[in-house]
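K.L.:
Sharing a model prediction with you, sequence too.
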Amino acid sequence: MTESLDPLRKSWHIILALGITQIVGYGSVFYSFSLLMEPLQQALFSSKSVIVGAFSTALLVSGICATFIGRTIDRIGGRVVMAVGSAIAAVLLAVLSRVGSVAELYAIYAGLGFAMAAIFYEPAFAVLTQLFGPHYRRAISALTLLGGLSSSIFWPLTQQLILHFGWRNALLVLAASNALICVPLHLLVLPKKPPGKSATKVVTGVVSKSLKEVLRESTFYWLGAALVANGLIFTSMAVHMMPILQSKGLSAVAAAGIGALLGPMQVTGRILELTIGKRYSILGIGRLAFGLVPVALLIFALASQTWLLVVFVLCYGLSNGVITIVRGAVPAELFGRDHYGAVAGALATPNMLAQAFGPFLASLLWMATGGNYDRTLITLAVIAFAGVCFFIVATRGHIAAAGRATDIS
């Protein structure tokens, strides 16, 4: 038992370093945008939809680049790829601090989309899958536990920076955090070359398949469809949760208070997966996590009392926290680890495209239902339920085998 824990004990510093870079990367590039929207509107004399379109452009570019980034990490490892991504993020955040037109804004966020593809969870998962072998699931769980702190740290930090120094100077600080924290950590901690792959098939019991082989399997497309459905829900709720809570009669302060529970519940879900969940197949855990999403959305739609809104956030936060781990671990479980980066990147492409479209979908549904958020939520619940069905189809026949592999490892 002690021997099986050695890879995690000996390489804990890699998980810690990547956890710090995930906190800074997501915090400075992803979560900062919600606080920059209004200043950017005023500075560029533009509408909210135009500004949000720039962020959607970043998500689109990230999705398009995901497979290329994954293939590159498969070939040379994550050290250079993630360091370059952080360096690009630093430069473009600094350039963003001096943006003067909408065209410049879109060009900058297109570049940040490439940086996202190189520094967010997917490349980090690929690195951990290379380095930790059959222990990749626990490594991914530990990483997401740290990464889940990003919004809790960077939302208040960025808000204070904007308040005291202005949004342009705040961006310079965010740029510096990538240059002075993330770039050195990636260069100094991550190994120069990926380890060999010869033991993969023997240890996991899963025959590793190339991306070309995976693309010929229906399992890939069912899993991709499940992730697309979840991506639509994720960004729809990220943008519209506060307005929906206020439509239930809550004040802005009360809505923010309930919404603030989301982050801690995501972390709680990851702690449960890392401790109790490790006894079970990640595919079974995934079915439970995906299944909780439509239940949570229906509770949200039907909630007429504050305690039910709290129940929604608890359920939705737990499921979201675990689905991040599922998204990272399931490709290796189904298709092997040798070509994980390319396969995970190919799965990330439609997922990121869905995330880019999600907020607009929710807005369209809201207009189609006559401005009724409850009906919008019910429609989103139907989409989420379809995602559950897709995931079940993708993983059928693999549950028992995955359970045996978990027992062995």
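P.N.:
Perfect, I can see it now.
K.L.:
Domain parsing of the chain, as residue ranges.
P.N.:
10-189, 200-408 (automatic domain parsing).
K.L.:
what's the offset of the shortest one from the middle of its chain?
P.N.:
With C-alpha atoms, centre = their mean, to the nearest Å as the basis, domain 10-189 stands 11 Å off its chain's centre.
K.L.:
Please apply the same query to the last one.
P.N.:
In terms of C-alpha atoms, centre = their mean, the centre of domain 200-408 is found 10 Å from the chain centre.
K.L.:
Nearest residue to residue 173 in space, please, no chain neighbours.
P.N.:
residue 161 (5.5 Å; C-beta to C-beta, 6 or more residues apart in numbering). Backbone N, C-alpha and C define where each C-beta goes, glycine included.
K.L.:
quick one: residue 345 and residue 120 touch, right?
P.N.:
No - checked against C-beta atoms under 8 Å, the pair residue 345 and residue 120 is beyond contact range at 11.5 Å.
K.L.:
Who has more neighbours out of those two?
P.N.:
More neighbours sit around residue 345 than around the other of residue 345 and residue 120, counting by other C-beta atoms under 10 Å; the figures are 27 against 24.
K.L.:
follow-up on the earlier one: I'd like the domains of the chain written out as TSV, with mean pLDDT added.
P.N.:
Conversion of these to TSV gives the following (pLDDT from 0 to 100):
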stretch	mean pLDDT
domain 10-189	93
domain 200-408	87
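K.L.:
Can you give me the end-to-end span of stretch 129-143?
P.N.:
Stretch 129-143 has an end-to-end distance of 12 Å (criterion: C-alpha to C-alpha, to the nearest Å).
K.L.:
buried ones in that stretch?
P.N.:
Neighbour counts over stretch 129-143 (16 or more other C-beta atoms under 10 Å) mark 129-143 as buried.
K.L.:
now, which of these sits nearest residue 49?
P.N.:
Each of these was scored against residue 49 by C-beta to C-beta, and residue 143 proved nearest at 34.4 Å.
K.L.:
sorry, back to before: which one of the buried residues of stretch 129-143 is nearest residue 190?
P.N.:
Each of those was scored against residue 190 by C-beta to C-beta, and residue 131 proved nearest at 8.5 Å.
K.L.:
Touching, the closest one and residue 13? I think so.
P.N.:
No - counting by C-beta under 8 Å, no contact exists between residue 131 and residue 13, whose distance comes to 11.4 Å.
K.L.:
would you list every one of the helices in the stretch 251-400 of the chain?
P.N.:
If you assign secondary structure with DSSP state H, counting those that start in this stretch, the helices in the stretch 251-400 of the chain sit at 252-259, 262-275, 282-302, 306-335, 340-368, 373-395, 399-408.
K.L.:
mind checking which of those helices is nearest residue 105?
P.N.:
Evaluated with C-beta to C-beta, the helices of the stretch 251-400 of the chain place helix 340-368 nearest to residue 105, the distance being 15.8 Å.
K.L.:
what's that closest one packed up against?
P.N.:
With contacts taken as 3 or more C-beta pairs under 8 Å, 6 or more residues apart in numbering; DSSP states H and E, helix 340-368 sits against helix 48-76, helix 121-132, helix 211-214, helix 218-247, helix 306-335, helix 373-395.
K.L.:
most tightly surrounded among the ones you listed?
P.N.:
The highest mean neighbour count among the helices and strands packed on helix 340-368, using mean count of other C-beta atoms under 10 Å, belongs to helix 121-132: a mean of 26.
K.L.:
Compute the distance between the residue nearest to residue 186 when sequence neighbours are not counted and residue 212, please.
P.N.:
In space, and not counting its chain neighbours, residue 186 is closest to residue 83: 3.9 Å by C-beta to C-beta, 6+ apart. As for residue 83, its distance to residue 212 is 29 Å (criterion: C-beta to C-beta, to the nearest Å).
K.L.:
Repeat that for residue 378.
P.N.:
When C-beta to C-beta is the yardstick, residue 378 and residue 212 sit 40 Å from each other.
K.L.:
Quick check: the gap between the nearest residue in space to residue 130 that is not next to it in sequence and residue 95.
P.N.:
Spatial nearest neighbour of residue 130, chain neighbours left out: residue 194 (4.6 Å); criterion: C-beta to C-beta, 6+ apart. Note on residue 194: its distance to residue 95, by C-beta to C-beta, is 32 Å.
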